[in-house]
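[1] Structure, please.
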Amino acid sequence: MTFKKYQFQNGERKLIIEEDNVGWYLIIYTPPNNNQSSADYLLDSLEDAFEEAKDRFGVSPSQWINITE
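    Numbering: from 1, shown residues only. Take a look at the predicted model:
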């Protein structure tokens with residue numbers, strides 16, 4: 001089974017939305033080149049993860065890149 005994964009990055013931070021067995025994680029890396037995340041949020045759906053990213057960080061759903069491996 002392949003889990004979906006999305007990424008947004010700018011000069012301040014990198015955000016990853018990653019599907020998991022329990023839901024969707026919104027993972028934050030500040031600064032963007034850090035190997036360890038600075039925060040993460042577990043959401044019920046992809047739509048919830050997009051909404052959380054928009055509310056917290058101003059990243060709209062159209063700004064995400066699908067990086068599913």
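[2] Distance from stretch 37-49 to the middle of the chain?
    Distance of stretch 37-49 from the chain centroid (CA atoms, centre = their mean, to the nearest Å) equals 7 Å.
[3] Where do the helices of the protein begin and end?
    Ranges of helices in the chain, per DSSP state H, are 46-57.
[4] What residues of stretch 55-69 count as buried?
    Across stretch 55-69, burial judged by 16 or more other CB atoms under 10 Å covers V59, Q63, W64. (Glycine included, C-beta is placed from N, CA and C.)
[5] quick one: which of those residues is nearest E51?
    Nearest to E51 among the buried residues of stretch 55-69, counting by CB to CB, is V59 at 10.4 Å.
[6] so how far is N21 from that closest one?
    Distance, V59 to N21, by CB to CB, to the nearest Å: 25 Å.
[7] now S37
    For S37, the distance to N21 equals 19 Å [CB to CB].
[8] neighbour-wise, which of the two wins?
    Shown here are S37 and N21; by other CB atoms under 10 Å, S37 has more neighbours (14 against 6).
[9] Since that was my last question, I'll sign off now.
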